[in-house]
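> Next one to model:
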Amino acid sequence: MKIEGLVLLLIVVAALATGGLIAKYKPRKSRKQDPEERFRGHYFRGLNYLLNEQQDKAIDVFLRLAEVNQDTVETHYALGNLFRRRGEVDRAIRCHQNIIAKPGLTERQRTRALLELGEDYMRAGLLDRAERLFAELVEGDAHTPSALKHLLDIYQQEKDWHKAISIAKQLAQTRQNGMGHIIANYYSILAEESALQSDFDEAHAYLRQARQYNSESVRSCLLEARMAEQQEQFSDAADAYLQAYCFGNDCLPEILPALLQNLEAAGRQARIPEYLDQFIADTHGITPVIARTRLYKNEQGLKVAAEFLVVFLRQHPSVQGLAYLIDMNATEQSNSLPVDGLLGGLSSTQSADASSRDILLELTHQLLKNQPVYRCKHCGFSGQQHQWQCPSCKRWDTTSRIRGVNGE
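As a prediction, this is how the structure comes out:
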């Protein structure tokens, strides 16, 4: 029997155990109206459907047997959740609506059914209906944190950032931790939208609000830098990129090209070697190492550049670094780059020719081609592009650069 069938069987046994006790201890007059033999016959027919993997028919029988009342309402919750997990949202909706329609339930039981029904609507994509139910629960101060979280999910899906900010602030008041950086992301998104319309004053106003909730927001620093670039304020842009690095050096591979360009445009290129050496010491990342190698190549020649890169790669192996070294070796006419030991005998000082180097370079590029670059620290989702919100688990600021031989 499938796992879902076993789950259903456990639910049914619990429900019918309760129903059996009710039938057993009913007054004799009630039992005449609902004979125990009839109850038992329905039960075995439903069980037969279940054992023959006719779950739909089994569920129909069990739902008719287990009338919603104080004793069976938990079973109906469980059945409704089972339907939702199976993707049978229509049946989940009917199940939870059936609970709400029954008189005699406590207010807590009714509001829980409303919460479950709202989740059904969300699963079905009926966001407007779900929103109304969750708003009703918040207004009635029932299941408030859960209802607020669902409302937040809805407004995120609808990209209604103003409403999302309002709900997130309410969640923060219910002592929900970690809302500050989420609110800062919402304000940063609004700032990005304003910047796209060249409304820089409004964008800066949103960024100030973002920093009130996350004073070390990397995202707000990056937006500040891009706006400064658009206005040709190159020194301010460079400072903003450097500030972003200080708040989270994981962003360095993305910001380094723009940072170097703005330093040069601002006439501060003399400090670039100093910055690169500091970045290498802090992160041991291959991106600043390659940038420093280019500087050595331009200022002191290929031999010095290759020696620097080889020393680093022996301590911190990197496919990306190896690809860059092979590419440099292919362009060196004197065939004297110090790569013999690193390439295991395939260097230009031995029998390897240009064709061998091309093959090796192609192999390294193939290794890197389909490698994920970013990974979510929470759920492990990986991809090629950085996401402020993980597409899988929907957490904010959990995606970071993958490090190691095939990564940074």
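
> Surely residue 372 is in a strand?
No - the assignment for residue 372 is coil, going by DSSP: H, G, I helix; E, B strand; the rest coil, so no strand is present there.

> mind checking pLDDT for it?
For residue 372, the model assigns a pLDDT of 89.

> got it, and the one 10 residues further on?
Residue-level confidence at residue 382 comes out at 92, pLDDT.

> That one and residue 327, how far apart?
As for residue 382, its distance to residue 327 is 26 Å (criterion: CB to CB, to the nearest Å). C-beta: built from backbone N, CA, C; applies to glycine.

> Would you list the phi and psi of residue 388?
phi -70, psi -30 (degrees, to the nearest 10).

> so which strand or helix has residue 291?
Using DSSP states H and E, residue 291 maps to helix 286-300.

> Run through the neighbouring helices and strands of that helix.
When contacts are defined as 3 or more CB pairs under 8 Å, 6 or more residues apart in numbering; DSSP states H and E, helix 286-300 packs onto helix 252-265, helix 272-283, helix 302-315, helix 319-331.

> Could you dump those helices into TSV with mean pLDDT and distance to residue 374 added?
Output for the helices and strands packed on helix 286-300, formatted as TSV (pLDDT from 0 to 100; distance: least, CB to CB, whole Å):
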stretch	mean pLDDT	distance to residue 374
helix 252-265	96	10
helix 272-283	96	16
helix 302-315	93	23
helix 319-331	83	15
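
> of all the ones you listed, which gets the most neighbours per residue?
Highest mean neighbour count of the helices and strands packed on helix 286-300: helix 319-331, a mean of 20 (counted as mean count of other CB atoms under 10 Å).

> Give me the residue ranges of the protein where confidence is low.
1-72, 176, 330-357 (pLDDT under 70).

> what about residue 375, which SS state?
Following three-state DSSP, the label given to residue 375 is strand.

> tell me the contacts of it?
381-382, 399-400, 402 (CB atoms under 8 Å, 6 or more residues apart in numbering).

> picking up where we left off before, just send the helices and strands packed on helix 286-300 back as TSV, with distance to residue 142 too.
Below are the helices and strands packed on helix 286-300 laid out as TSV (distance: least, CB to CB, whole Å):
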stretch	distance to residue 142
helix 252-265	44
helix 272-283	49
helix 302-315	59
helix 319-331	54
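
> ok, so what distance separates residue 100 from residue 125?
With CB to CB as the criterion, residue 100 and residue 125 are 21 Å apart.

> more crowded one of the two?
residue 100 (16 against 11; other CB atoms under 10 Å).

> And the more buried one, its phi and psi?
phi -60, psi -30.

> number of nearby residues for the nearest residue in space to it that is not next to it in sequence?
Once flanking residues are discounted, residue 100 sits nearest to residue 113: 4.9 Å by CB to CB, 6 or more residues apart in numbering. For residue 113, the number of neighbouring residues by other CB under 10 Å comes to 24.

> So for the helix or strand encompassing residue 113, what gets flagged as buried?
Residue 113 is part of helix 107-124, with elements assigned from DSSP H and E. By neighbour count on 16 or more other CB atoms under 10 Å, the buried set for helix 107-124 is 109-124.

> can you list the domains in this structure?
Domain assignment of the chain by automatic domain parsing yields the ranges 3-173, 284-368, 370-408.

> now do the same end-to-end measure for the shortest one.
One end of domain 370-408 to the other measures 14 Å (CA to CA, to the nearest Å).

> So which bits of it are buried?
Buried residues in domain 370-408, defined by neighbour count with 16+ other CB under 10 Å: 373-376, 381, 389-390, 392, 395-399, 401, 403, 407-408.

> Stretch 77-96 now?
Using 16+ other CB under 10 Å as the test for burial, stretch 77-96 gives 77-84, 88-89, 91-93, 95-96.

> How far away from the center of its chain is that stretch?
Averaging C-alpha positions (CA atoms, centre = their mean, to the nearest Å) puts stretch 77-96 26 Å from its chain's average.

> for stretch 385-403, same thing?
5 Å.

> Name the surrounding residues that touch that stretch.
Contacts of stretch 385-403 (CB under 8 Å, 6+ apart): 153, 156, 181-182, 185, 219, 250, 253-254, 285, 371-379, 381-383, 407-408.

> what distance separates the start and the end of it?
Start-to-end, stretch 385-403 (CA to CA) is 15 Å.

> so where do the helices sit in the stretch 101-250 of the chain?
Counting by DSSP state H, counting those that start in this stretch, the stretch 101-250 of the chain has helices at residues 107-124, 127-139, 144-158, 161-173, 180-196, 200-213, 218-230, 234-247.

> want to throw those into a markdown table with distance to residue 303?
Below are the helices of the stretch 101-250 of the chain laid out as a markdown table (distance: least, CB to CB, whole Å):
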| stretch | distance to residue 303 |
| --- | --- |
| helix 107-124 | 63 |
| helix 127-139 | 63 |
| helix 144-158 | 54 |
| helix 161-173 | 54 |
| helix 180-196 | 45 |
| helix 200-213 | 47 |
| helix 218-230 | 36 |
| helix 234-247 | 31 |
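
> I am finished for the moment; much appreciated.
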